[in-house]
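K.L.:
model this:
(one chain, ligands or ions: 1)
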Amino acid sequence: MGRIWNFSAGPAALPEEVLLQAQAELLDWHGAGCSVMEMSHRGKEFMSILEQAEADLRELMGIPEQYKVLFLQGGATQQFAQIPMNLLAGRSADYIVTGSWSKKAVKEAQRFGSVRIAASTEESKFTRLPTAEEIRLDPFAAYLHVCTNETIHGVEIPAERIASTGVPLVADMSSHILSRPVPVEKFGMIYAGAQKNIGPSGLTLVIIHRDLLGMAPLTIPTVMDFAVMAENGSMLNTPPTYGIYMAGLVFQWLKRQGGLEGMAAVNAEKARILYDCIDGSGGFYSNPVDPDCRSRMNVPFVLANPEFDAAFLAESKAAGLVSLKGHKSVGGMRASIYNAVPLAGVQALVDFMYDFAKRKG
Ligand SMILES: Cc1ncc(COP(=O)(O)O)c(C=O)c1O
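P.N.:
Residues are numbered from 1 along each chain as shown. Alright, predicted model coming up:
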């Protein structure tokens, strides 16, 4: 079997160029005589990989000097705990709930202290963003947490709606980081699990303003303290070395795509053709999300007649279009069209969807 068009929500497609490069370098990285997996994390070879990865990420995202970049483990789920452990400092934090992931972040944070829901769109089944009037902020909150792209519900906060509120803004960007330029300086902290737009699972990226370091109580585990991790350049203990190497290759690939501006233009076109197909299907397919906040990365949709679901999944799979089943909590279908899914892959999906609707509609 050749390579599939992979619409998995994560772990997800990686750029073929990156996989080929990793394959070519697997047994002997740049004359080191061994794989990156077999190197000491403190040796000069791996240190150069880590430094290059950080430098490329800083360049891609325009990360100002006063932010630290941390390469951690534990996934975004660990961050749901690590953030309140480090940043609450006996105060209360505000959370905006726009889907399952921000809801999970609230539930975890409640184990560590006081959490306020500044707004929630759960009553609208997470198909829209809260209006400015609906958001009730605590000016004394330790931080405000948002999930800028809800992977399950397909709701994304548009870049122009990101505003500073006077308290540090903390964002879960797991499922759309690196898909478009981001005004990093408006955030106190950005975090993401790697397995969508960064690289393989097992690596978690944290970008944190230095003002937020050093607030953790001494009772938290050392390995969970952002300040300690920052002081040790993510090397308090053994970091996820292979994941960092792969992320570094993805960053270099992104630079060759014209950086985040270049990637954003391709992503906009991919999302446009898919939403046009759904909206132009005369109701055969539908997406419930308010067009102002539809995700360009995760596109959930349902078939008007769910009796066709099984045939849709079986026939799409036979056509090489894989992992289109929606999350079990919402049903239907979902196409995750991350950076590494090329326009040709989305075009193949759209062609299949038009044809399927014509045959069954
Ligand atoms: C937006 C978002 N946040 C958090 C998570 C949880 O990530 P992890 O599995 O890395 O803990 C996911 C996983 O899909 C996600 O999409």
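K.L.:
residue ranges of the helices in the stretch 151-300 of the chain, please?
P.N.:
226-231, 241-256, 259-279 (DSSP state H, counting those that start in this stretch).
K.L.:
okay, these in JSON lines with mean pLDDT next?
P.N.:
Below are those laid out as JSON lines (pLDDT from 0 to 100):
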{"stretch": "helix 226-231", "mean pLDDT": "98"}
{"stretch": "helix 241-256", "mean pLDDT": "98"}
{"stretch": "helix 259-279", "mean pLDDT": "98"}
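K.L.:
can you list the residues of the chain near the ligand?
P.N.:
Within the chain, the residues that sit near the ligand (CB under 6 Å from any ligand atom) are 10, 75-77, 101, 147, 151, 172, 174-175, 193. For the C-beta atoms, the positions are set from N, CA and C on the backbone; glycine is no exception.
K.L.:
count the residues that sit near the residue in the stretch 101-250 of the chain positioned nearest to the ligand.
P.N.:
Relative to the ligand, the nearest point of the stretch 101-250 of the chain is residue 193 (2.8 Å; CB to the nearest ligand atom). Around residue 193 there are 25 other residues, counting by other CB atoms under 10 Å.
K.L.:
one more: the one 10 residues further on?
P.N.:
When counting by other CB under 10 Å, one arrives at 25 neighbours for residue 203.
K.L.:
let me see the contact set for it.
P.N.:
71-73, 193-194, 240, 243-244, 246-247 (CB atoms under 8 Å, 6 or more residues apart in numbering).
K.L.:
give me the neighbour count for the nearest residue to it once chain neighbours are set aside.
P.N.:
Leaving aside its sequence neighbours, residue 203 sits nearest to residue 243 (CB to CB, 6 or more residues apart in numbering; 3.3 Å). The number of residues packed near residue 243 is 21, by other CB under 10 Å.
K.L.:
so residue 243 sits against residue 193, correct?
P.N.:
No: if you go by CB atoms under 8 Å, residue 243 and residue 193 don't touch, sitting 10.5 Å apart.
K.L.:
common neighbours of these two, please.
P.N.:
Joint contacts of residue 243 and residue 193 (CB under 8 Å, 6+ apart) are 201, 203.
K.L.:
quickly list the domain ranges of this structure.
P.N.:
The record assigns the chain these domain ranges, following automatic domain parsing: 16-256, 259-360.
K.L.:
of all these, which one is nearest residue 5?
P.N.:
domain 259-360 (4.0 Å; CB to CB).
K.L.:
and the closest one, end to end?
P.N.:
41 Å (CA to CA, to the nearest Å).
K.L.:
re the thing from before, which one of the helices of the stretch 151-300 of the chain has the most crowded surroundings?
P.N.:
The highest average neighbour count among the helices of the stretch 151-300 of the chain, using mean count of other CB atoms under 10 Å, belongs to helix 241-256 at a mean of 21.
K.L.:
quick one: residues in contact with that one.
P.N.:
14-15, 17-18, 21-22, 36-37, 39, 41, 46, 49-50, 52-53, 56-57, 59-60, 71, 178, 194, 197-203, 205, 260, 263, 339.
K.L.:
just the CA coordinates of it, formatted as PDB?
P.N.:
Output in PDB follows, covering the C-alpha atoms of helix 241-256 (Å, rounded to 0.1, in the frame of the first residue of the first chain):
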ATOM      1  CA  THR A 241      15.300  13.700  22.300                       C
ATOM      2  CA  TYR A 242      13.900  12.100  19.200                       C
ATOM      3  CA  GLY A 243      10.700  14.200  19.400                       C
ATOM      4  CA  ILE A 244      12.800  17.300  19.600                       C
ATOM      5  CA  TYR A 245      14.900  16.300  16.600                       C
ATOM      6  CA  MET A 246      11.800  15.500  14.600                       C
ATOM      7  CA  ALA A 247      10.200  18.900  15.600                       C
ATOM      8  CA  GLY A 248      13.400  20.600  14.500                       C
ATOM      9  CA  LEU A 249      13.000  19.000  11.000                       C
ATOM     10  CA  VAL A 250       9.400  20.100  10.900                       C
ATOM     11  CA  PHE A 251      10.500  23.700  11.800                       C
ATOM     12  CA  GLN A 252      13.000  23.700   8.900                       C
ATOM     13  CA  TRP A 253      10.300  22.300   6.600                       C
ATOM     14  CA  LEU A 254       8.000  25.100   7.700                       C
ATOM     15  CA  LYS A 255      10.700  27.700   6.800                       C
ATOM     16  CA  ARG A 256      10.900  26.200   3.300                       C
END
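K.L.:
and the angle for it with helix 259-279?
P.N.:
80 degrees (axes from the mean of the first three to the mean of the last three CA atoms, to 10 degrees).
K.L.:
quick one, strands of the stretch 51-200 of the chain?
P.N.:
Assigned strands in the stretch 51-200 of the chain, in chain order: 67-72, 92-97, 114-120, 144-147, 149-150, 155-156, 169-172, 189-193 (criterion: DSSP state E, counting those that start in this stretch).
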